[in-house]
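Asker: The following comprises the amino acid sequence and a computationally predicted model.
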Amino acid sequence: MMKEPWNIPQIWKWVEIKALGDIVAGGTPSTKEMSYWGDDVNWISPADLTGYTKKTIARGAKNLTHKGLAKSSARLMPAGSIHFSSRAPIGYVAISSEPLSTNQGFKSLVPAQGVFNEYVYYYLKAAKYIAEERASGTTFREISGTAFGKLPLPFPPFLEQNQIVAKIEELFFELDNGIENLKKAREQLKTYRQAVLKYAFEGKLTNEWRVRQREAGKPPEPAKKLPEQIKAERKKHYQKQLEDWKMACEQAKADGKKKPVKPKKPKELPPLTEKELTELPELPEGWCWTKVGCISESMKNGIYKPKDFYAEKGIPCLRMYNIENGKIEWFDIKRMILSEDEVKEYELRPGDLLVNRVNSRELVGKTALIKKNMEKSVYESKNIRLRLANSHKIKSGYVNFWFLIYANGYFNRNAQQTVGMASINQQQLGKMPFPICCATEQNQVFLEIESRLSTCDKMEQTIEDSIKKAEVLRQSILKKAFGGELTKDWRGKHPELVTGENSAEKLLEKINAEKALSTTGQKKPRSKKMKSKKVKIETAKQKVQVQDVANFVE
């Protein structure tokens, strides 16, 4: 006796899917024989349903010839058949809108009269987990034709099958509208983010701040002197490095050790040309253009080590996958076993910017700011560490926001393309234009951007949570549908449509009788057409949000 997976109304019946029609497997003719492939017979594989969202399908990417169909175990099934992918992966479902055959990756049901194919379609989408539980295999999981035929299905009267589908689609329509609105809001937030950054570096977000500063007798200092000041400080810093290096060389000689690497002298970059300046946006009064190389202390490519150096208890090594939207995303962290000298050489400090130098053209140049309280880390070779020259005059958060709006377009124009990847180098990074203002205004720009983007982050998280809840709600709708809860009131109003000759029990008797006749080869008697009775199906007259649907099914 079949084990009943959950409770259903007493007038329903639990059946095995094979009781509702013919179970059909698929097949594939030889791909080496060109005469087997053509336009005669519609044919699909699970790949044709990857990302497919429609209920029905007419054909796939490839078709068979009549000869190819005859030379394979594929079988042409009538329109209206239900096709369930049984492997790679398990659980894709579609109804054929034209006569169709499949490859061996499907188990299909040609439904008997009295079985509403759309009811079975939605049930199989809801019961995917049951099929997965009954699958077998080591290389990949697959549900056999026998196991598929034994899948339990709650079987209601025919008219209730139709009513259930109508109610599912009504609720799904409302749910999909809510999800679509959430996705539109998410896209609008992306546009808003870019607008905030654009206005910030046009000086619009701090325009009132500058007015207040002037009224208070504290006008912002002009930025044109900053590049020269930073240049002088970089030179002073290099001299200090050089002195320390000389002392380290003497100590190494006395200890009989290898001489340390000499520090690199900061490169002197020419100012932006008149032609370059005309191609850049106009800046507010008191701001000026310089180059990233002119505000940096150093740039250094990351470390490369073979897999032997990776270990569970090593130092975290940040990769290009950990850089997202100007932040370090701390997930799937790889760890390395490195020497103290290597850690010191490649260590990331608060205020450093990590720039991705090798990636797809759309992602190369993405940047993240290294913040305080982050675990001590190094970085991999596909990234560049940008260390700024003076934290008092150049604010790393301000620089990071500039990269968010400008870097991708700049590096897209300048990146070198190889097969499938794009790359940038330190020289290109150093030449990137940078809008500079005084440190106090940099701080103010940062705060103005941060407050707005922080609000965006919260709104985006709310949207993502709502979308996830909507998908959970979709499963809840299906669960209630196949437990009889969505049509409980309808059954109470129309008992005559689900009992007597219209009952599930009588319908199963007719299906079994039809199957018995077809297997014995007897001539089928003319059957009376099932009279369809008009049933009032109330539909929503207006769009509702996700929460409205949730309130209904709870």
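Answerer: Looks like it came in fine.

Asker: Please, where are all the helices along the stretch 251-400 of the chain?
Answerer: 274-278, 340-346, 396-414 (DSSP state H, counting those that start in this stretch).

Asker: my bad, the stretch 1-150 of the chain
Answerer: Counting by DSSP H, counting those that start in this stretch, the helices of the stretch 1-150 of the chain are 66-70, 117-126, 128-133, 145-149.

Asker: With the stretch 451-554 of the chain instead?
Answerer: 488-493, 504-520, 546-553.

Asker: So what touches the first one?
Answerer: The contact list for helix 488-493 (CB atoms under 8 Å, 6 or more residues apart in numbering) reads Pro9, Ile11, Glu160, Gln163, Gly484, Val498, Val535. Just so you know, the C-beta spots here come from the backbone N, C-alpha and C atoms, and that holds for glycine as well.

Asker: do the same with the second one
Answerer: Helix 504-520 is contacted from outside by 11-13, 15, 19-21, 112-115, 155-158, 498, 500, 523-525, 527, using CB under 8 Å, 6+ apart.

Asker: Now that we have those, which of them are buried?
Answerer: Neighbour-count burial (16 or more other CB atoms under 10 Å) applied to these gives 11-13, 15, 19-21, 112, 114-115, 155-158, 498.

Asker: And Ala127, how far from Gly145?
Answerer: Ala127 is 16 Å from Gly145, where distance means CB to CB, to the nearest Å.

Asker: who has more neighbours, the two?
Answerer: Ala127 (23 against 16; other CB atoms under 10 Å).

Asker: out of everything not next to it in sequence, what's closest to the more buried one?
Answerer: Excluding its sequence neighbours, the residue lying closest to Ala127 (CB to CB, 6 or more residues apart in numbering) is Leu151, at 6.6 Å.

Asker: Also Thr31?
Answerer: According to CB to CB, 6+ apart, the nearest residue to Thr31 is Trp37 (7.6 Å).

Asker: domains of the chain?
Answerer: Per automatic domain parsing, the domain ranges recorded for the chain read 13-155, 264-437.

Asker: looking at the helices of the stretch 1-150 of the chain, which is closest to Gln428?
Answerer: Of all those, it is helix 128-133 that lies closest to Gln428, at 49.0 Å by CB to CB.

Asker: so of the domains of the chain, which one's packed in deepest?
Answerer: Comparing those by mean neighbour count (mean count of other CB atoms under 10 Å), domain 13-155 ranks first with a mean of 18.

Asker: end-to-end on that one?
Answerer: Domain 13-155 has an end-to-end distance of 5 Å (criterion: CA to CA, to the nearest Å).

Asker: shouldn't Gln428 be in contact with Asn412?
Answerer: No: the pair Gln428 / Asn412 is not scored as a contact, 11.4 Å apart, by CB atoms under 8 Å.

Asker: rewinding a little: between the buried ones among the contacts of helix 504-520, which is nearest Thr418?
Answerer: Distances from Thr418 to the buried ones among the contacts of helix 504-520, taken by CB to CB, are shortest for Gly21, at 54.4 Å.

Asker: Might you report the residue contacts of that closest one?
Answerer: Shown in contact with Gly21 (CB under 8 Å, 6+ apart): Leu109, Val110, Pro111, Ala112, Val115, Ile511.

Asker: One more pass at 7 Å, please.
Answerer: Leu109, Val110, Pro111, Ala112, Val115 (CB atoms under 7 Å, 6 or more residues apart in numbering).

Asker: Tell me where the model's unsure across the protein.
Answerer: 1, 519-554 (pLDDT under 70).

Asker: Tell me which residue is most central in it.
Answerer: The centroid of the chain falls nearest to Glu464 when counting by CA atoms, centre = their mean (11.3 Å).

Asker: Report the separation between it and Asp457.
Answerer: As judged by CB to CB, Glu464 and Asp457 stand 11 Å apart.

Asker: and the nearest residue to Lys231 once chain neighbours are set aside, what does it touch?
Answerer: Closest residue to Lys231 apart from its sequence neighbours, by CB to CB, 6+ apart: Cys294 at 6.9 Å. Contacts were defined as CB under 7 Å, 6+ apart; by that measure Cys294 touches Pro227, Ile230, Lys231, Leu269.

Asker: what's near enough to touch Val498?
Answerer: By CB under 7 Å, 6+ apart, the neighbours of Val498 are Ile11, Pro157, Leu159, Glu160, Arg491.
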